[in-house]
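In: sharing a model prediction with you, sequence too.
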Amino acid sequence: MAVEKRVLFKSWWLPWVLIAPQMAVILVFFFWPAGQALYQSVLQQDAFGTTTEFVGWQNFQRLWDDETYLASFKTTAVFSILVAGCGLSIALLLAVMADRVVRGAAIYKTLLIWPYAVAPAVAGVLWLFMFAPSVGIVSYALRALGFDWNHLLNGTHAMSLIVMAAVWKQISYNFLFFLAGLQSIPKSLIEAAAIDGARPWRRFWTIVFPLLTPTTFFLLVINIVYAFFDTFAIVDAATNGGPGKDTAILVYKVYYDGFKALDMGGSAAQSVVLMAIVVALTVVQFRYVEKKVQY
Amino acid sequence: MKPSRLALPCLVLGAALAGPAQAQTEIQWWHSMGGALGEWVNDLAKDYNASQKDYKIVPTFKGSYDESMTAAIAAFRAGNAPHILQVFEVGTATMMASKGAVVPVGKVMADAGQKFDPKIYVPAVAGYYTAPNGQMLSFPFNSSTPVFFYNKDAFKAAGLDPEKAPGTWPEVALAAAKLKASGHKCPFTTSWQSWTQLESFSAWHNVEFATKRNGFGGLDTRLAFNTPLHVRHIENLANMAKQGLFVYKGRGNAADATFVSGECAMATATSALYGSIKRNSKFASGISTLPYYPDVPGAPQNTVIGGASLWVMSGKKPAEYKGVAQFFAHLSKADVAAASHQRTGYLPVTLPSFELTEKSGFYKQNPGTDVSVTQMIRKTTDKSRGIRLGNFVQIRTIIDEEMENVWSGKKSAQEGIEAAVKRGNEQLERFEKANKS
């Protein structure tokens, strides 16, 4: 199935020049900060950086000794699976629906893409307002239905809240890619199946979904990375990691220790751990999950 | 990021205002006073700038306390820190440990030849910001202390005497039960649970919150709030929470708004909430001293301070430090300090400003505004002088987390407190190790 496409350049330097801007961006914005994090993770500094001491593995040692840090791995796993799972399935559903709409399709699509323009912190505050136990409109409605919503003290509620905010924020992105994927599936394939008597449900699972796997796989990687790295602002705005530590995902602790507690070394050590996890996850995804992808 | 986005218009505005006056020495002042308090800070700068021609104070709002501290640290590392930085009380130990980054206020005043008498400052406040050698390290700008607020209208509706605030914790529970019986959904709540229910609670009952005189005696201090008295109080609150008498409204000052809006009828909160209540609430309210347990000998003692102080950053020109010194002297003037105290509900900075306020009849016209002062202006003991701990920001968060586990019933009061002490002590040990040299 895989056909390799190769473009041959006549001169040896042209490809390098063409790739140089991208490489420069990656070096400056990815490798350099990552290197800084590695370096900082073996140092201990006071808040103002006036004294610096090399402490070796101590920052990491401290993390392994901290039960709450180990517990937050589980919290992060639950959170990431929920965010990626819900985000992908809801977006796919919406994309399939939007793909079938004929009249006013542009309006629906624009509306669905909208949330992507909202900053994570704003998304967190927005959902917080809707679900605030005393003034939130949703919690008010829930209470009217006899459901006592209180994410301030109920860990499950708090987790649901940040998952909803994180998913809501990411759905547009997933939706865009799914929609593009759907539109690139040749109509003739689906029509042929329909003539053969396949019902819509069967057509979706035997034709559409397999052809969407490259998109799904790409989005899975992106969503996992998003859940791991980009969600601290939502947690910070909506729950502060509480109640207790029920929503303190790894990246939130990185943010908290670095920017609130001013413990640069500890924060850097955590981001190194986080980096290792995401690298490992991505490798696993490319090694094993990609085998099931049909290009 | 939030701070920089807010800061930009301020900087532009500051720069625009500063345009024509080239000869003036500009002094940057980063603060965290929003809303009504932000107007107060701007007015202070405006009045000072109008009073003389040599210096120009440029106040800049940098977001919440932790945001402006982070911003200042980043600026310091990049070599362009402000002259004056407002730092909240829990950041005090961090600032004290950062010797190269700050200049003690006592030294700034002496170098500038400014007349400076540390004795005029309210002892319980100034003592908190003074080094063991007696030198004042930061300027006690806005100090508050937790007080008890109650909604008089709600009290009336519940058949309680609106002129008599519950003075003890058993009375609070009784009043809360009556409020609940009258249909009130949130009889009692609290802001800053660690500060009000554990830190001030300890000083108020004259028991230690941490060993080594609450951290004043050295970095080898350890948390000590796992006594039977503390457990009893947290257990009491947890029981109230179970019965719907105490309603938890979140960390930090989240509960403040629920009192101002009338949703909650009683609250322990900062005395600086006074200005906001006066401006925004639509009911009659009262201020009273913090409740205590009457069977504890020595209670009530005094409460501990919160709020913030002004730190002077290092690496500036002597002429600029002169301006800083002059500005601090201006803020310490009896009339200026008295006006600030009356406007905000923060404690008076100096004793003369307190006396001036008293003489003016302000406390008589605004009953309850003197509660914070009387709670603070007392002879303090070694156990009640204040609490000065390293990594205090993290310790407060740990206490928040563990208390939430108690309020939700996940842990008992004893378990929650023991866990908070254990986890908090790890922070203290680390701070001790990092700052040994």
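Out: Cool, the structure landed. Numbering: from 1, shown residues only, chains lettered A, B, ... in the order given.
In: element containing residue B:148, please.
Out: Here residue B:148 sits within strand B:146-151, counting by DSSP states H and E.
In: can you name the next helix or strand after that strand?
Out: helix B:152-157.
In: residues contacting residue 252?
Out: I went with chain A, as the question did not name one. A:231-232, A:235-236, A:241 (CB atoms under 8 Å, 6 or more residues apart in numbering or on different chains). Heads up, the C-betas are built off the backbone N, CA and C, glycines and all.
In: meant chain B, my bad for not saying
Out: Shown in contact with residue B:252 (CB under 8 Å, 6+ apart): B:191-192.
In: hang on, it is in a strand, isn't it?
Out: No. Judged by DSSP: H, G, I helix; E, B strand; the rest coil, residue B:252 forms no part of a strand; its state is coil.
In: would you mind measuring from it to residue B:38?
Out: 18 Å (CB to CB, to the nearest Å).
In: can you check residue A:49 too?
Out: Look at residue A:49 and residue B:38: by CB to CB, they are 29 Å apart.
In: on that earlier part again, ok, the strand holding residue B:148: who's next to it in the sheet?
Out: strand B:264-270 (antiparallel), strand B:285-288 (antiparallel) (DSSP bridges).
In: relative to residue B:360, which of the ones you listed is closest?
Out: strand B:285-288 (18.5 Å; CB to CB).
In: distance from the closest one to the middle of the chain?
Out: 19 Å (CA atoms, centre = their mean, to the nearest Å).
In: looking at chain B, which helix is longest?
Out: helix B:413-434 (DSSP state H).
In: elements contacting that helix?
Out: Contacting helix B:413-434 under the criterion 3 or more CB pairs under 8 Å, 6 or more residues apart in numbering or on different chains; DSSP states H and E are the following elements: helix B:228-242, helix B:392-407.
In: winner for burial among the ones you listed?
Out: helix B:392-407 (a mean of 24; mean count of other CB atoms under 10 Å in any protein chain shown).
In: what is the mean pLDDT for that one?
Out: Helix B:392-407 shows a mean pLDDT of 94.
In: just to be sure, residue B:124 is in a strand?
Out: No. Under three-state DSSP, residue B:124 falls outside any strand and is assigned helix.
In: show me the contacts for it.
Out: B:302, B:305, B:376-378, B:380, B:385-386.
In: same thing with residue B:303?
Out: Going by CB under 8 Å, 6+ apart, the list of residues near residue B:303 reads B:145-147, B:200, B:203-204, B:290, B:375-376.
In: how near is it to chain A?
Out: 25 Å (CB to the nearest CB, to the nearest Å).
In: so that residue belongs to a strand, correct?
Out: No. Looking at residue B:303 with three-state DSSP, it is coil, so not inside a strand.
In: tell me how far it lies from residue B:386.
Out: From residue B:303 across to residue B:386, the span is 10 Å (CB to CB).
In: between these two, which contacts overlap?
Out: residue B:203.
In: burial measure for residue 104, as a count.
Out: Reading this off chain A. 8 (other CB atoms under 10 Å in any protein chain shown).
In: nope, chain B please
Out: Residue B:104 has 20 nearby residues by other CB under 10 Å.
In: now residue A:265
Out: Residue A:265: 23 neighbours (other CB under 10 Å).
In: can you tell me which helices and strands the helix or strand hosting residue A:236 packs against?
Out: Assessed by DSSP H and E, residue A:236 sits inside helix A:232-238. Under the contact definition 3+ CB pairs under 8 Å, 6+ apart, helix A:232-238 sits against helix A:120-131, helix A:155-183, helix A:250-255.
In: quick one on the thing from earlier: who has more neighbours, residue A:49 and residue B:38?
Out: residue A:49 (17 against 14).
In: tell me who's in contact with the more buried one.
Out: A:264, B:73, B:76-77.
In: what kind of secondary structure is it in?
Out: Secondary structure of residue A:49, per three-state DSSP, is coil.
In: buried stuff in stretch A:51-62?
Out: The neighbour-count check on stretch A:51-62 (16 or more other CB atoms under 10 Å in any protein chain shown) flags A:55, A:58-60, A:62 as buried.
In: which stretches of the stretch 1-150 of chain A have low pLDDT?
Out: A:1-7 (pLDDT under 70).
In: can you do 50?
Out: Scanning the stretch 1-150 of chain A for pLDDT under 50 picks out the ranges A:1.
In: mind listing the strands for the chain?
Out: By default, I'm working from chain A. A:43-45, A:52-54 (DSSP state E).
In: wait, I meant chain B there
Out: B:25-31, B:55-61, B:84-88, B:102-103, B:139-144, B:146-151, B:186-190, B:264-270, B:285-288, B:306-313.
In: same list (those) but as JSON lines, adding distance to residue A:177, mean pLDDT and mean neighbour count.
Out: Listed next are the strands of chain B as JSON lines, based on distance: least, CB to CB, whole Å; pLDDT from 0 to 100; neighbours: other CB atoms under 10 Å in any protein chain shown:
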{"stretch": "strand B:25-31", "distance to residue A:177": "43", "mean pLDDT": "95", "mean neighbour count": "21"}
{"stretch": "strand B:55-61", "distance to residue A:177": "41", "mean pLDDT": "95", "mean neighbour count": "21"}
{"stretch": "strand B:84-88", "distance to residue A:177": "45", "mean pLDDT": "95", "mean neighbour count": "25"}
{"stretch": "strand B:102-103", "distance to residue A:177": "51", "mean pLDDT": "94", "mean neighbour count": "22"}
{"stretch": "strand B:139-144", "distance to residue A:177": "51", "mean pLDDT": "93", "mean neighbour count": "26"}
{"stretch": "strand B:146-151", "distance to residue A:177": "52", "mean pLDDT": "96", "mean neighbour count": "27"}
{"stretch": "strand B:186-190", "distance to residue A:177": "46", "mean pLDDT": "96", "mean neighbour count": "25"}
{"stretch": "strand B:264-270", "distance to residue A:177": "47", "mean pLDDT": "96", "mean neighbour count": "27"}
{"stretch": "strand B:285-288", "distance to residue A:177": "55", "mean pLDDT": "94", "mean neighbour count": "20"}
{"stretch": "strand B:306-313", "distance to residue A:177": "48", "mean pLDDT": "94", "mean neighbour count": "25"}
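In: so can I have TSV of those showing distance to residue B:133?
Out: Shown next, in TSV, are the strands of chain B (distance: least, CB to CB, whole Å):
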stretch	distance to residue B:133
strand B:25-31	27
strand B:55-61	29
strand B:84-88	20
strand B:102-103	15
strand B:139-144	18
strand B:146-151	30
strand B:186-190	37
strand B:264-270	30
strand B:285-288	37
strand B:306-313	17
